[in-house]
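*Asks:* Sequence plus predicted model, see below.
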Amino acid sequence: ETITLKVADSFPPNHNIANQGTKWWMERVTELTGGKVQFEYYGAQQLGKLSDMLALAQRKVAEITYVPPTFNEGRMPLSTVHNLPGLFDSSYVGTLAYYDTIMNTAILENDYIRNGVYPLWGVMTTTYNVFTRDKAVRSLADLEGMKLKTAGGYQNEAVKLLGGVPLNIPSPETYQAIQLGTVDGAIFPSSAAKSYRLPEVAKFYTLGFNVSVFYAPYVMNLEVWKGLPDDVKAAFEQANRETRERMGKIFDDGDAELMEGYKAAGVEIIMLPEAEQAKVQARLAPLFDTWAADMKGRGLPGEETLAYFRKAIAGVSKN
Amino acid sequence: MIVTGILILMAVLFLMGVPVAFTLGISGAVGLWLVGGEGALIGLMATAPYRTTASWLLTAIPLFVLMAELLASSRITTLLFNTANKWVAHFPGGLAIAGIFTAAGLGAVSGSSTASTAAMSQSVTPELIRHGYSPRLAVGTIASAGTLAVMIPPSIILVIYGILTESSIGLLFVAGIVPGLLSVVFYVATVVIYVKRNPGEAPPAQRYGWGERIAGLKDIWPMMILFVLVIGGLYTGIVTVTESAGIGAFGALLLAIWFQRGRSFAALWEALRRTVATVAMIFAIVIGAHIFGYFMTLTGAPQHLLHLVDGLDMEPWTIILILLVIYVILGCFMDQLAILVLTVPIVLPMVERLGYDAIWFGIILVKTVEIGLMTPPLGMNCFVASAISRLSIGEVFRGTIPFVIAELVILTLLATVPGLVTWVIY
Amino acid sequence: MGPADTHDGAASGRPAPGRPLAGPDLWLGRAERLLLGIARIALLILLGMVVVQVTARFAFNSPAGEIVAITEAYIMPLMVFLALAYVQTVDGHVRVIVLYRLASGRAKHALDAVIALLSMGFWALVAYTGWSEVLFAQSLGYEVSHEIRLPLATALIIVPVGAGALSLRLLLSAVQDVLALVTPARAGAASA
Ligand code: NA
Ligand code: NA
């Protein structure tokens, strides 16, 4: 008989993860199971806000939901290892290495199984870099004293270390905050910046800060996962793997196209010189200690997880 | 089938006298249970109430209401309207027109029609009634003028539409200005015509001398200071849209302390009570509407309806007309943001395929959102105005009828002459 | 003007004359005033925090702590949920009374009881599911956020407290209406 599963997320309808990832993945699973698994898709917060997505999966309102660790730090602490700056610069590498790390470190048990969910597929999106309104950032020193919108959490600490002033402004208000000069700029991933129309109000985009990387994963209710027949599970695992690889490549290739679009919109794209990038990473180094100490304080094996992640990145990069 | 049953249940509870918020909540909960079983019911009831309220963007509602309360309690609004009356009383419905301009001004700093309507109902409606306007006209004017906050930038609805459709938020804001001002003109005309036809509902025209008018200006400096503080703060980038409400409330607090030296603490404590009560009432409705919205989402009814329209083989303008009618009807049962999120992904590709412009359609949609806020059974602005003004909801809905008619005229105008929206942006 | 304008007995901490169960009414009324007081203070804190945030940014170019996170997690829910029951005592939840007004005497008591019970069912479910969220978050040791390292349960508990108080108020009204209904003398007194 057919198994119908509800998928819920918070992406706007034309978002590239929903369009090229989620929809492709659902079709692939249906195809691989010969039509046995069917999906009902509820995008764009139709079933709840981003912060409720984990609860929606736990309560089986939707069996599959979109649960980014960055918005669930209080519930998935160890997962935030991917937010540490400068670990990798390819989405493909980050995506595969991070999945390896989830499955082979305490992340799986502590952040997924304990929460009653199972990891399906996810993708490392583009890195967070610096959009500025009217002052170009060409060196680390240029950032000094700049008011920058962040996503909160470790990003606030990163911006402080870099000499900037972090502000928590909701993403929908970022456009106007930049337009009116409430902030000098925003720490934003290049992909999401397109949805929030930042290129209309920011004249400059400086790459090379790599403050953190956003991870966009889908999870399934654990009981539902366990209850699936083995062949269906295998089909899911295959579709998950294919989607990870596909999306990692799409993000790597898409970045160039995105940058062309930003240039066409009149944004000057600035690449931080190598020497400045090294300075940035040196300034951000204390974050690694803060993070590891924080995990230790919670009784979690932070250092081991980070070490595994670094090794996994090196492994994927080599191949 | 289930949808029909639940809509009937909703109508019965509504007419029985069950509070609107509870009506939405009860029928939404029963519907969730029928459509999604215990899992959907318990799961959404466990998450929706907390998350609906836990929002920084929505702090504009308590803060603007507090501002209005403090201004009203320290008689600053009274002074302002006494002066305004001296300048406009020779004009039929002059003071109601002043109220419309006040709402437009508040709309320029607020992105939320609920916040704007609540603040206006708290401060302006009583002044209109005190100056001899019929409660129906007073509350109808304010409940309708409160919708201006959606069209005049900044606007939460336009931002969400921009994100959903990946259209330029800046262009949407610019495109909203002309229709927003057009609405002001039509509202003013509505008041003038209404007062001419029903002279008993407004005070007789009365002319004040220039001496009195000029003398009155000395009373309005507190409002001017506050206006400069809020508008200036927002448009110089010192504060964000959300913060501007807080700065307004803080300015009002300082003025209240200045004006009521001895008893300012008691007045503040009382203003806090009234504000919190208003906020709880508003959010109870918002929570109920969300639960009902999740039920509608799970039924898939709105989507099915739209897919049916998509399959029709008709003239483009007929399809647009059908869509607009559907939007006005959906506005009767569902929260406006929920409608956008649910329908725009399906509707926008249709509209673009028919050769229409996304920005133009966004503005048209906002117009239907405004109408939805003013019409029964679910007309958020009317509920807010009714609860705060202590006038029956039926009276409020009757009061907005002339304005709804004006809105329909504007909607037709914008739909048939797209240039009104697009000439400023292209 | 406002939803809190009419002062009946319960709102001022005194049971309305002629209402049965004066004792529970009195105590529940006191609890509601206490919750309302907390909601008022939460609003005042919100006002203060916004001013501090703007001043800190404008005057010192430094962000002021985690005001957005605190507001979302605690302030907004406190303001909304803790004032719910109080608003009910002053009949401040907007409703349509076109048909309701036609009922009188015993019929009105019966209608009031039905309305209160139906409403109670809804809010009791909100309280129950909200409470189960609290227990769940506590059992897994969830924290509010990166900025606020307090247990998430301390924020989530606001929902069952507020919804629970409103359920109790609705239950009490329903019982009072039923008692008034079955005691004809009282029914006359109350509807007079
Ligand atoms: Na506005
Ligand atoms: Na409506």
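*Replies:* All right, it came through fine. Residues are numbered from 1 along each chain as shown, chains lettered A, B, ... in the order given. Ligands and ions are numbered 1, 2, ... in the order given.
*Asks:* use CA for all of it now, contacts and neighbours both
*Replies:* Will do.
*Asks:* now the helices for the stretch 251-400 of chain B?
*Replies:* B:264-299, B:301-310, B:316-330, B:336-353, B:358-374, B:380-389, B:393-416 (DSSP state H, counting those that start in this stretch).
*Asks:* meant to ask about the stretch 201-319 of chain A, not that
*Replies:* Residue ranges of the helices in the stretch 201-319 of chain A, as given by DSSP H, counting those that start in this stretch, are A:222-227, A:230-264, A:274-284, A:286-297, A:302-318.
*Asks:* before we move on, what about chain C?
*Replies:* Ranges of helices in chain C, per DSSP state H, are C:22-60, C:67-70, C:76-81, C:84-89, C:105-139, C:153-156, C:158-182, C:184-191.
*Asks:* Any part of the fifth one near chain B?
*Replies:* Yes - between helix C:105-139 and chain B, judged by Cα under 8 Å from any Cα of the partner chain, the touching residues are C:Leu111, C:Ile115, C:Leu118, C:Ser119, C:Phe122, C:Leu125, C:Val126, C:Thr129, C:Gly130, C:Ser132, C:Glu133.
*Asks:* Just the closest of those to chain A, please.
*Replies:* Using Cα to the nearest Cα, C:Glu133 comes nearest to chain A of the residues of helix C:105-139 next to chain B, at 9.1 Å.
*Asks:* That closest one against C:Leu156, yeah?
*Replies:* Yes - counting by Cα atoms under 8 Å, C:Glu133 does reach C:Leu156; the two are 7.1 Å apart.
*Asks:* what about these two, which has more around it?
*Replies:* Each of C:Glu133 and C:Leu156 has its neighbours counted (other Cα atoms under 10 Å in any protein chain shown); C:Leu156 has more, 26 against 22.
*Asks:* Contact partners for the residue lying closest to that one once chain neighbours are set aside?
*Replies:* Once flanking residues are discounted, C:Leu156 sits nearest to C:Val134: 5.7 Å by Cα to Cα, 6 or more residues apart in numbering or on different chains. Counting by Cα atoms under 8 Å, 6 or more residues apart in numbering or on different chains, C:Val134 touches C:Leu152, C:Ala153, C:Thr154, C:Leu156, C:Ile157.
*Asks:* and with 10 Å instead?
*Replies:* Contact analysis of C:Val134 by Cα atoms under 10 Å, 6 or more residues apart in numbering or on different chains lists B:46, C:128, C:142, C:151-160.
*Asks:* near chain C, which residues of the stretch 101-250 of chain B?
*Replies:* Taking Cα under 10 Å from any Cα of the partner chain as the contact definition, the stretch 101-250 of chain B meets chain C at B:118, B:121-123, B:125-126, B:233, B:237-240, B:242-250.
*Asks:* To what extent is A:Lys194 buried, counted in neighbours?
*Replies:* When neighbours are defined as other Cα under 10 Å, A:Lys194 has 18 of them.
*Asks:* does it really touch A:Ala202, like I thought?
*Replies:* No - the pair A:Lys194 / A:Ala202 is not scored as a contact, 11.4 Å apart, by Cα atoms under 10 Å.
*Asks:* right, is stretch B:11-21 up against ligand 2?
*Replies:* No - Stretch B:11-21 stays clear of ligand 2 (Cα under 5 Å from the ion), getting no nearer than 12.5 Å.
*Asks:* Closest to the centroid, which residue in chain C?
*Replies:* C:Leu84 (2.3 Å; Cα atoms, centre = their mean).
*Asks:* who's in contact with the nearest residue to that one once chain neighbours are set aside?
*Replies:* Closest residue to C:Leu84 apart from its sequence neighbours, by Cα to Cα, 6+ apart: B:Ala280 at 5.6 Å. Contact analysis of B:Ala280 by Cα under 10 Å, 6+ apart lists B:53, B:62, B:286, C:3, C:39, C:76-88, C:92-93.
*Asks:* Checking the residue in the stretch 201-350 of chain B positioned nearest to chain A next. Helix, strand or coil?
*Replies:* Here the residue of the stretch 201-350 of chain B nearest chain A is B:Gly237; by Cα to the nearest Cα that distance is 4.2 Å. Here B:Gly237 is recorded as coil under DSSP: H, G, I helix; E, B strand; the rest coil.
*Asks:* B:Leu164 against A:Phe11, yeah?
*Replies:* Yes - assessed by Cα under 10 Å, B:Leu164 is found in contact with A:Phe11 at 8.6 Å.
*Asks:* rewinding a little: from A:Lys147, how far off is the residue of the stretch 201-350 of chain B closest to chain A?
*Replies:* Noted for B:Gly237: a distance of 12 Å to A:Lys147, by Cα to Cα, to the nearest Å.
*Asks:* now swap in A:Pro85 and tell me
*Replies:* Look at A:Pro85 and A:Lys147: by Cα to Cα, they are 20 Å apart.
*Asks:* quick revisit: can you pull the contacts of the residue nearest to the centre of chain C?
*Replies:* The neighbourhood of C:Leu84, defined by Cα under 10 Å, 6+ apart, consists of B:276-281, B:283-284, C:32, C:35-36, C:39, C:92-93, C:162-167.
*Asks:* if I've got this straight, B:Pro172 is in a helix?
*Replies:* Small correction: residue B:172 is Leu, not Pro. Yes - judged by three-state DSSP, B:Leu172 forms part of a helix.
*Asks:* is it true that it touches B:Ser155?
*Replies:* Yes - counting by Cα under 10 Å, a contact exists between B:Leu172 and B:Ser155, whose distance comes to 9.5 Å.
*Asks:* joint contacts of the two?
*Replies:* The contact sets of B:Leu172 and B:Ser155 overlap at B:Tyr161 (Cα under 10 Å, 6+ apart).
*Asks:* how about CSV for the helices of the stretch 201-319 of chain A, with mean neighbour count and distance to A:Arg133 added?
*Replies:* Listed next are these as CSV, based on neighbours: other Cα atoms under 10 Å in any protein chain shown; distance: least, Cα to Cα, whole Å:
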stretch, mean neighbour count, distance to A:Arg133
helix A:222-227, 15, 45
helix A:230-264, 17, 14
helix A:274-284, 16, 21
helix A:286-297, 16, 27
helix A:302-318, 17, 34
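*Asks:* Tell me where the model's unsure across chain C.
*Replies:* Of all residues in chain C, those with pLDDT under 70 make up the ranges C:1-18, C:63-65, C:184-192.
*Asks:* in it, what residue is nearest ligand 1?
*Replies:* Using Cα to the ion, the single residue of chain C nearest to ligand 1 is C:Val50, 20.0 Å away.
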